[in-house]
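*Asks:* just to be clear, the model below is a prediction. Sequence and coordinates:
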Amino acid sequence: MITVPEFKIRKDSGQKITMMTCYDSSFAKLLADSQIDVLLVGDSSAMVMQGRDSTIHASPDTIAFFVDSVARGTAGEKFIVADMPFLSTRKSLHYGMECAERFLKAGAHAIKIEGIRGNEKLVTHLVESGIPVMGHLGLTPQFVHAFGGMKLQAKTPEEQDKLLNDAKRFQECGAFSLVLEVVPTSIATKITSLLQIPTIGIGAGPGVDGQVLVLQDLLGFNPSFTPKFLRTYLNGNELFKQAFQRFHDDVVHGNYPNEKESYS
Ligand code: KIV
């Protein structure tokens, strides 16, 4: 299992870091047998698991529930990062600490925070308390309404300067890694070269230290979700539908169960 100090070693050696979201123990078991480095219990769970229209519906209760399921599936074999859900870092230092404590006790090894502005004190306090923090900048989905939709971020030189400053602030506060989401390749590559901590991209091009994707997206579960950055590795939507149809057909045609599948 990758450890926090190894994130930096990976960056320095140029060996890329792979991260995938995971929300249940069946997929966690499969991923525990894979070479994927990090499992992210993200707030995208609100969308892919709960059918909500944005990540702002994720709550400490749901994140803790998914972390618990994933941790039991991996049985200590994978590094698990839990997302601090919408506003959990903004209510008070105490509330933020309580959420992080809950996620670590549920089985996470680190937490991820969207945005650094206004979160410096919490990030520093978490890090000084032994809770590793992964930063998240760029198209941070909890800011969807402020951004006016899910759009490419850091397009202008001013926005790119702000992004670089925020990345440095995360590093200064002690974050051990940084997710960069849907930003131009050039600025993601520049930030990666200027930071000592590794960057993990999603829609941030190839010049970062690792990549993350949402498991259901990578498996092609939702054919209508086609952002430019997404590569699907399975036609999951079609394959799962075919399996469901075959089960249905076998049952209605009397082909399931057969004698071998029945008890005498
Ligand atoms: O919740 C999530 O899936 C995420 C990734 C997109 C980085 O935060």
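*Replies:* Right, received. Where do you want to start? Since this is a predicted model, take the numbers as computed values, not measurements.
*Asks:* Phe143: what secondary structure?
*Replies:* Secondary structure assignment for Phe143 (DSSP: H, G, I helix; E, B strand; the rest coil): helix.
*Asks:* can you pull out the helices in this structure?
*Replies:* 4-13, 25-32, 45-48, 60-74, 93-106, 120-128, 144-147, 157-172, 185-194, 215-218, 236-252 (DSSP state H).
*Asks:* please convert these to CSV, extending it with mean pLDDT.
*Replies:* Shown next, in CSV, are the helices of the chain (pLDDT from 0 to 100):
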stretch, mean pLDDT
helix 4-13, 98
helix 25-32, 98
helix 45-48, 97
helix 60-74, 98
helix 93-106, 98
helix 120-128, 98
helix 144-147, 96
helix 157-172, 98
helix 185-194, 98
helix 215-218, 97
helix 236-252, 98
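*Asks:* for the stretch 51-200 of the chain, which residues are neighbours of the ligand?
*Replies:* Residues of the stretch 51-200 of the chain lying close to the ligand by C-beta under 6 Å from any ligand atom are Asp83, Val179, Glu181. Glycine gets a C-beta too; all of them are placed from N, C-alpha and C.
*Asks:* so who does the first one touch?
*Replies:* Taking C-beta atoms under 8 Å, 6 or more residues apart in numbering, we find Asp83 in contact with Leu40, Val41, Gly42, Asp43, Ala58, Ile63, Ile111, Lys112, Glu114.
*Asks:* just give me the closest of those residues to the ligand.
*Replies:* Gly42 (2.1 Å; C-beta to the nearest ligand atom).
*Asks:* report how many residues lie close to the closest one.
*Replies:* Residues near Gly42, counting by other C-beta atoms under 10 Å, number 29.
*Asks:* okay, it: pLDDT?
*Replies:* pLDDT, Gly42: 98.
*Asks:* surely it and Met19 touch.
*Replies:* No: assessed by C-beta atoms under 8 Å, Gly42 is found out of contact with Met19, at 9.5 Å.
*Asks:* Val251: neighbour count?
*Replies:* Neighbours of Val251 (other C-beta under 10 Å): 11.
*Asks:* list the residues that contact it.
*Replies:* Val251 touches nothing, counting by C-beta under 8 Å, 6+ apart.
*Asks:* 10 Å - rerun?
*Replies:* Counting by C-beta atoms under 10 Å, 6 or more residues apart in numbering, Val251 touches Pro257.
*Asks:* what do Gly42 and Met19 both touch?
*Replies:* Joint contacts of Gly42 and Met19 (C-beta under 10 Å, 6+ apart) are Val81, Lys112, Val179, Val212.
*Asks:* grab the nearest non-local neighbour of the third one.
*Replies:* So that's Val179. His136 (4.3 Å; C-beta to C-beta, 6 or more residues apart in numbering).
*Asks:* which pLDDT value goes with that neighbour?
*Replies:* 98.
*Asks:* closest to the centroid, which residue in this protein?
*Replies:* The chain has Leu40 as the residue nearest its centroid, 3.9 Å off, counting by C-alpha atoms, centre = their mean.
*Asks:* report the contact partners of that residue.
*Replies:* 19-23, 70, 79-83, 108, 110, 112, 134, 179, 200, 212-215.
*Asks:* before we move on, what about Ile17?
*Replies:* Ile17 touches 2, 6-7, 10-11, 36-38, 79, 177, 198-200, 208-212, counting by C-beta under 10 Å, 6+ apart.
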